[in-house]
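Chemist: no letters, just coordinates:
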C-alpha cells in the first residue's frame, strides 16, 4: 500500500488476474473482492440495516444525484451525515450522479462547467459541477466519493467517445482539487466507450492526477457481454496497489468474470430489483418463484443457502406471499438474493486465498449446467 492508497493487496491467483485485499475507510476495513448493495436513496430497498449486517454486507452504495434532489445534502449533514441518518455504521460509497444525469438526457445539458438538469421529481432547474459533486458528497459524509463523470450510450462514435472521455478527465482533475481534507476517499472513473485505447489513455491521465482508487464506468449499457469482458482487460493497466471498481455490474456470472480479470469492487441493483420481481438467485441458477411448480414445494429456495429466508421458509410460502403481493415477499426475496451475492464474494475471496480460483470458477459454471431443483 502506498501513502496515497487506502488499499492493501494481500495476494493474487497464480493462474489468472484474480486478487484479494483490504480497503481501509473511515468506518472500517472492507475485504475485497466485494459486492456493494445499492441504497440509492439512503435505503437498500426492502432491507433494514440489521438485515444488511446479518447477510454480511460490508459496504453499501448511495447516490449523490438522488440525495441532492431529495431530501438534500444539507439536511443530511444537519442530521449527522448519511451514516447516522440511515443508521448504518459500516462504510458507504456514493456515486457522483453522472450516470443518473446520463439516463435523464432529455432533462440534462452537459457543458464544460458541469451538468445543468431538471429534477425528475418536480422539473425544477438544478446544476451540478465537478466541485459541487465533491462538496455534496463531503456533506453526505460517505467513505468513498466518486468523481463526476459523463457517460455515453452504446453504440457511440469514436469522436463522441473522445469528447466525453476528455471531459470526464478534465472534471476529474477539478474534483481532486475540490477536496477539503475530510479523510474521505475519492475514486476517479475511467470512461472511453467501447474503445480500449481510449480507456488506456484515460487510465494514464487519471493515474497522473492521482486518486485513492479507480472505477471502470460506462459498461453494461447495452453492449454484448463478450465485449464488456474484453474491455475489462484494461483493468490490468490500473495501479496494482489501488482498488479497482466495476460500476453497475452485474449478474453472478459477471462478478465471477470480473474477479477473474482483477476487479475488486462491484455494485448492481439486480439482486434487489429481481427479488422484488420474484426472481431468485441460487447456486444452480435463477428461480422464478411465481411459477406454478412451486405451489406445493416445501424445500427452501436453495438447499445450500444459510440465509434467514432459506432457514425458515419454503418455496410454497414464498410463492404464496408473492402471488398475494404481500410486502414480506419483497423483504424475504431480497434477503436471500443479497445473501447469495455476499456469500459468493466470500467464496471467491477464499478461493483466491487458497490459490484455487480457476477450480472454483469451473465448479461455479458446472453447477449451472445441471438441471435446476425445480425440474
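Modeler: It's in. Quick caveat, the model's predicted, so the values are computed rather than measured.
Chemist: what segments of the stretch 151-300 of the chain are strands?
Modeler: Assigned by DSSP state E, counting those that start in this stretch, the stretch 151-300 of the chain shows strands spanning 185-190, 213-216, 243-246, 265-267, 279-282, 285-288.
Chemist: ok, which of those comes nearest residue 307?
Modeler: strand 279-282 (10.6 Å; C-beta to C-beta). From N, CA and C alone the C-beta is placed, and that goes for glycine too.
Chemist: what is the rounded mean pLDDT of that closest one?
Modeler: Averaging pLDDT along strand 279-282 gives 98.
Chemist: which neighbouring elements make contact with that strand?
Modeler: Here strand 279-282 touches helix 270-276, strand 285-288, helix 327-353, going by 3 or more C-beta pairs under 8 Å, 6 or more residues apart in numbering; DSSP states H and E.
Chemist: a markdown table for those, including mean neighbour count?
Modeler: Listed next are the helices and strands packed on strand 279-282 as a markdown table, based on neighbours: other C-beta atoms under 10 Å:
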| stretch | mean neighbour count |
| --- | --- |
| helix 270-276 | 21 |
| strand 285-288 | 16 |
| helix 327-353 | 21 |
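Chemist: could I get those as TSV with mean pLDDT and distance to residue 165?
Modeler: Shown next, in TSV, are the helices and strands packed on strand 279-282 (pLDDT from 0 to 100; distance: least, C-beta to C-beta, whole Å):
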stretch	mean pLDDT	distance to residue 165
helix 270-276	98	27
strand 285-288	97	35
helix 327-353	98	30
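Chemist: out of these, flag the one nearest residue 54.
Modeler: Short answer: helix 327-353, nearest of these by C-beta to C-beta, at 8.1 Å.
Chemist: quick one: name whatever helix or strand follows that closest one.
Modeler: helix 357-369 (DSSP states H and E).
Chemist: give me phi/psi at the residue lying closest to residue 107 once chain neighbours are set aside?
Modeler: Spatial nearest neighbour of residue 107, chain neighbours left out: residue 118 (4.3 Å); criterion: C-beta to C-beta, 6 or more residues apart in numbering. Main-chain torsions, residue 118, degrees, to the nearest 10: phi -100, psi 140.
Chemist: hang on, the earlier thing: of all the strands of the stretch 151-300 of the chain, which one is nearest residue 45?
Modeler: That would be strand 265-267 among these, by C-beta to C-beta, at 13.7 Å.
Chemist: which elements pack onto that closest one?
Modeler: The elements that strand 265-267 packs onto, with contact taken as 3+ C-beta pairs under 8 Å, 6+ apart, are strand 34-36, strand 243-246, helix 252-260.
Chemist: swap the cut-off to 7 Å and go again
Modeler: strand 34-36, strand 243-246 (3 or more C-beta pairs under 7 Å, 6 or more residues apart in numbering; DSSP states H and E).
Chemist: what's the closest of those strands to residue 142?
Modeler: strand 34-36 (11.6 Å).
Chemist: take the strands of the stretch 151-300 of the chain and write them to CSV, including distance to residue 146.
Modeler: Shown next, in CSV, are those (distance: least, C-beta to C-beta, whole Å):
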stretch, distance to residue 146
strand 185-190, 5
strand 213-216, 7
strand 243-246, 9
strand 265-267, 11
strand 279-282, 26
strand 285-288, 30
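Chemist: could you list the low-pLDDT ranges of the stretch 201-350 of the chain?
Modeler: Of all residues in the stretch 201-350 of the chain, none has pLDDT under 70.
Chemist: on that earlier part again, now the helices and strands packed on strand 279-282 in CSV, with distance to residue 205?
Modeler: As requested, the helices and strands packed on strand 279-282 are exported to CSV (distance: least, C-beta to C-beta, whole Å):
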stretch, distance to residue 205
helix 270-276, 31
strand 285-288, 40
helix 327-353, 30
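Chemist: one step back: among the strands of the stretch 151-300 of the chain, which comes closest to residue 9?
Modeler: strand 243-246 (9.3 Å).
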